[in-house]
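**Q** requesting a structural model of the entry that follows:
(one chain, ligands or ions: 1)
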Amino acid sequence: MTEHDTGVRIPLTPDEELLGADRPTIESLHTDAERLERMRADLEMGFRALEGTSGVSVFGSARVGPNEPDYALGRAVGAALGRAGFSVITGGGPGLMEAANRGARDAGARSIGLNIELPFEQFANRYLDLSLTFRYFFARKVCFVRYATGFVVLPGGFGTLDELFEALVLIQTGKVRHFPVVLVGRHHWGPLWDWVGDRLVSGGYVSPEELELVTLCDEPEDAVERLVSGARAQGLAPEAA
Ligand SMILES: C/C(=C\CNc1ncnc2c1ncn2[C@@H]1O[C@H](COP(=O)(O)O)[C@@H](O)[C@H]1O)CO
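**A** Numbering: from 1, shown residues only. Below you'll find the predicted structure:
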């Protein structure tokens with residue numbers, strides 16, 4: 001009998017295997033003890049490889065091509081961060097992740113990619129000094145936060161929005177402190193932030209002070225200025241800054 005006949009399928013990724021483990025339509029491949037071991041191994045890989053790293057995590061679209069204006073913006077942001085002495089940490093994939101890693105390379109800074117196993121073909125961009133591939137999204141996210149003193153958010157879609165709002169919830173709930181979040185590219189982020197103000201603040205869902213958790217800018221140097229001051233507040237400013 002085929003998967004089509006039975007409706008039961010083999011999970012395509014460890015995330016799907018974990019999240020679907022108790023569903024009758026997913027063929028469970030592991031025990032919880034094995035899953036816990038795989039999670040531990042994912043975190044251990046990140047902790048070992050990134051020990052001592054203090055960088056900036058940069059998020060942005062996987063789908064922007066090298067000839068598009070936002071790619072040039074991402075590359076300039078990576079280079080400006082690198083010149084200020086930050087390691088640049090991205091998702092390690094294509095698009096604006098590649099642009100930021102490439103900029104870091106341009107500036108001679110450490111360029112790091114935290115990639116993720118996906119159910120379709122996935123590749124690490126060519127501009128990485130350190131390339132890690134995580135099984136689980138959550139373990140990768142821990143590393144984006146733990147080894148960064150701030151976040152830069154370039155234009156992007158669902159993945160980027162997920163990373164942005166997770167960062168804001170971590171700050172809002174006091175899980176991380178003094179953590180700058182800089183949205184670069186008002187053409188992309190301005191309308192969203194206007195909506196947050198108009199709808200979420202006006203409706204009482206977000207406080208006016210929480211709007212201040214985010215800095216919007218267009219210029220890479222303005223982003224870096226905010227990230228340097230945020231890193232200083234944490235006692236972690238890079239020596240070059
Ligand atoms: C969809 C495509 C490639 C997917 N490859 C990715 N590799 C690494 N990280 C990724 C990938 N896709 C999403 N991410 C993470 O989310 C952000 C980008 O998501 P968006 O929806 O494109 O905005 C990014 O910061 C990554 O951390 C090829 O088309």
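**Q** contacts and neighbour counts: CA atoms only from here.
**A** Fine.
**Q** can you get me a residue count around A240?
**A** Neighbour count of A240, defined by other CA atoms under 10 Å: 9.
**Q** if we ignore the residues flanking it in sequence, what's nearest it?
**A** G85 (5.0 Å; CA to CA, 6 or more residues apart in numbering).
**Q** and the longest helix anywhere in the chain, what's its mean pLDDT?
**A** Determined from DSSP state H, the single longest helix within the chain is helix 32-50. Average pLDDT, helix 32-50: 95.
**Q** and for G174, the neighbour number?
**A** As a burial measure, G174 scores 10 neighbours (other CA under 10 Å).
**Q** okay, and it sits in which element?
**A** Under DSSP states H and E, no helix or strand contains G174.
**Q** kindly report the same for the one 5 residues further on.
**A** Following DSSP H and E, there is no helix or strand that holds F179.
**Q** residues in contact with stretch 30-37: which ones?
**A** Contacts of stretch 30-37 with the rest of the structure, by CA atoms under 8 Å, 6 or more residues apart in numbering, involve L18.
**Q** actually stretch 10-19, not the one I wrote
**A** Outside stretch 10-19, the residues that touch it by CA under 8 Å, 6+ apart are G20, I26, E27, S28, L29, R35, E117, L118, P119, R135, Y136, F137.
**Q** and those residues, which are buried?
**A** I26, S28, R35, E117, L118, R135, Y136 (16 or more other CA atoms under 10 Å).
**Q** in this structure, which residue is most central in space?
**A** Centroid-nearest residue in the chain: F59, 4.5 Å away (criterion: CA atoms, centre = their mean).
**Q** how many residues are close by E98?
**A** Count around E98 with other CA under 10 Å applied: 31.
**Q** who's in contact with the residue lying closest to it once chain neighbours are set aside?
**A** Spatially, and ignoring its direct neighbours in sequence, E98 is nearest to N125 (5.6 Å; CA to CA, 6+ apart). Taking CA under 8 Å, 6+ apart, we find N125 in contact with G92, G93, P94, E98.
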